[in-house]
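K.L.:
just a sequence and a predicted model for now, questions to come.
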Amino acid sequence: MTRHGGRVGCELAAGLELLVALGPREIWRRRGDERSLARLWPGQTINRRIWSEAAGHLGVEFRDLGDGVFEFGEGEARPRVWLHVTPLDDEAARDRALDKAISHQLMVEAGVPVPEQIPFDIADLGPAASALGDGSWVVKPAGGTSSGQGATPDVRSFEDLQRAAVRAARSGHSQLLERQVPGEEYRVLLLDGEPLGAVRRHAPVVFGDGHSTIADLIHAENHCRLEAVGEAGLRVITLDLDALLALEHSGLDHRSVLPADGRAVAVKTSRSQGGARDAETVPVSAFSPELIAELGRAATALGLRVAGVDLLTPDIGRSLADSGGAVIEINGTPGLHYHYLVREPDLAAPVAVPLLERILSEW
């Protein structure tokens, strides 16, 4: 079977598993939510607000050129950004951050704490299977994706591994088994090694009403996000393998009805589809200088000036080396919206202001 044919086969296999597990009604609703979000393109709306507010704060002219391209200033020097992609980094550095195996190796060489990783191929699960039975793991594509695409956390058994590997193979045959690090997840935005803002990210949750299924509650949450045109979150919650495993490990499934007791139930392990209510601003002063230095070394190792560093740690007041935490991913095109779409908007860090100030000073 060719690589292309294998990828198509994995697409079909992953789709068939979800169809069997969820049924055609849920698949149709999920695709409807995703199509509705794509038509709205809320990322353009949110980024337009973010950059126009930053320009207003700095007193510079702002122009929306369409298709997510924004221009600043007057005269001949008019820098541009595209959504959240700035001219401060070159394309090579951004691409390097997308290759998870390379970025992992570069951070290891720089002495940055990172999770244990085991590379493997969809055609040979042996190297990954031999590590199972020792805690939880994450299966992810080895390169070319961001925002958790194709990743499945909380993999514990060989069956979990098989299912996760098929899902990840939709993005490529080369994959990584990564040890799941305990602790809370944070996103820290760095500019030339200095932190501009930080958020604590939680997995997306739903609240029971005593009669709706978890699938119905997820659909209702997605509808709220669509109505808010991105202000409640830029992604919809999908019932995918991550959701199936998270619910299975909690003794639930998508048909479970939750009591109306006010408790939040996490419907995924990954934080990538969390909304505004699932994120909270954390002052950068709460992070130890040693931890910030570790994050700066990680960004420097990849040659990035603007870096969105995702980390897991039980204690941001200590270095990762001391707390047992780790950098789990570096984003070369970090979404600024993570710092604005938070539970308490009044506490949001206006990270676009110092970014735009640096762009204007160098243009």
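P.N.:
Structure's in. What do you need?
K.L.:
show me where this protein has helices.
P.N.:
Per DSSP state H, the chain carries helices over the ranges 3-22, 24-40, 42-58, 91-98, 100-109, 126-129, 158-168, 214-227, 241-249, 289-301, 320-323, 337-340, 352-362.
K.L.:
dump those helices to JSON lines, plus distance to Pro204, mean neighbour count and mean pLDDT.
P.N.:
Placement of C-beta: from N, CA and C, glycine included. Listed next are those as JSON lines, based on distance: least, CB to CB, whole Å; neighbours: other CB atoms under 10 Å; pLDDT from 0 to 100:
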{"stretch": "helix 3-22", "distance to Pro204": "17", "mean neighbour count": "15", "mean pLDDT": "64"}
{"stretch": "helix 24-40", "distance to Pro204": "13", "mean neighbour count": "14", "mean pLDDT": "88"}
{"stretch": "helix 42-58", "distance to Pro204": "16", "mean neighbour count": "19", "mean pLDDT": "95"}
{"stretch": "helix 91-98", "distance to Pro204": "24", "mean neighbour count": "16", "mean pLDDT": "91"}
{"stretch": "helix 100-109", "distance to Pro204": "23", "mean neighbour count": "18", "mean pLDDT": "93"}
{"stretch": "helix 126-129", "distance to Pro204": "27", "mean neighbour count": "15", "mean pLDDT": "92"}
{"stretch": "helix 158-168", "distance to Pro204": "18", "mean neighbour count": "21", "mean pLDDT": "90"}
{"stretch": "helix 214-227", "distance to Pro204": "7", "mean neighbour count": "19", "mean pLDDT": "95"}
{"stretch": "helix 241-249", "distance to Pro204": "9", "mean neighbour count": "21", "mean pLDDT": "91"}
{"stretch": "helix 289-301", "distance to Pro204": "25", "mean neighbour count": "20", "mean pLDDT": "98"}
{"stretch": "helix 320-323", "distance to Pro204": "25", "mean neighbour count": "18", "mean pLDDT": "97"}
{"stretch": "helix 337-340", "distance to Pro204": "14", "mean neighbour count": "24", "mean pLDDT": "97"}
{"stretch": "helix 352-362", "distance to Pro204": "25", "mean neighbour count": "18", "mean pLDDT": "97"}
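K.L.:
could I get the full set of strands for the stretch 251-363 of the chain?
P.N.:
Under the criterion DSSP state E, counting those that start in this stretch, the stretch 251-363 of the chain contains strands at 264-266, 279-281, 306-313, 326-331.
K.L.:
adding distance to Val199, write the helices of the chain out as TSV.
P.N.:
Listed next are the helices of the chain as TSV, based on distance: least, CB to CB, whole Å:
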stretch	distance to Val199
helix 3-22	30
helix 24-40	21
helix 42-58	14
helix 91-98	19
helix 100-109	21
helix 126-129	31
helix 158-168	26
helix 214-227	17
helix 241-249	20
helix 289-301	14
helix 320-323	18
helix 337-340	6
helix 352-362	14
